[in-house]
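Trainee: What follows is a protein structure lacking sequence information:
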């Protein structure tokens, strides 16, 4: 994961943010959405169209973010793990691992977990620089 984010940052710094944006769309949106919901693809593309410095900054912040999976065991309230069957960044296997690490509660399966975008509810979303 870390190496992939470093490669993404290099790609942006080398002047190719459009290719990275398309790569990210493949991971963010389900295959069904990419093929049958062009308006969602366009809305997501607009949200990911950020200045290179913002993209590199976000990637750098994600690189420094620690893995919080071990902390799940100390959460003392019911925890809902939401995962989509076609979720690229956090597929069902990751959700099961989170439950195994101590997340309590129920796992729900849906086609996707980005419901505001993929269900057409983009009205409340605003495009802001990172």
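Mentor: Yep, it's here. Please read all numbers here as calculations on a predicted model, not as lab measurements.
Trainee: Can you read off the pLDDT for residue 51?
Mentor: You'll see residue 51 listed with a pLDDT of 87.
Trainee: gap between stretch 60-77 and the chain center?
Mentor: 16 Å (Cα atoms, centre = their mean, to the nearest Å).
Trainee: Quick check: end-to-end length of that stretch?
Mentor: 31 Å (Cα to Cα, to the nearest Å).
Trainee: looking only at pLDDT, what's the mean for that stretch?
Mentor: In the prediction, stretch 60-77 has an average pLDDT of 84.
Trainee: same deal with stretch 15-22?
Mentor: 84.
Trainee: Secondary structure element holding the residue of the chain positioned farthest from its centre?
Mentor: Ranked by distance from the centre of the chain (Cα atoms, centre = their mean), the top residue is residue 76, with 26.0 Å. According to DSSP states H and E, residue 76 maps onto no helix or strand at all.
Trainee: and if you look at residue 82?
Mentor: Secondary structure (DSSP H and E) places residue 82 in strand 81-84.
Trainee: just the helices in the chain please.
Mentor: 2-13, 17-28, 31-36, 38-48, 52-64, 92-100, 115-118 (DSSP state H).
Trainee: packing partners for the third one?
Mentor: So that's helix 31-36. Counting contacts by 3 or more Cβ pairs under 8 Å, 6 or more residues apart in numbering; DSSP states H and E, helix 31-36 packs against helix 38-48. All C-beta spots, glycine's among them, are computed from the backbone N, C-alpha and C.
Trainee: Please apply the same query to the fourth one.
Mentor: Packing contacts for helix 38-48, counted by 3+ Cβ pairs under 8 Å, 6+ apart, involve helix 17-28, helix 31-36, helix 115-118.
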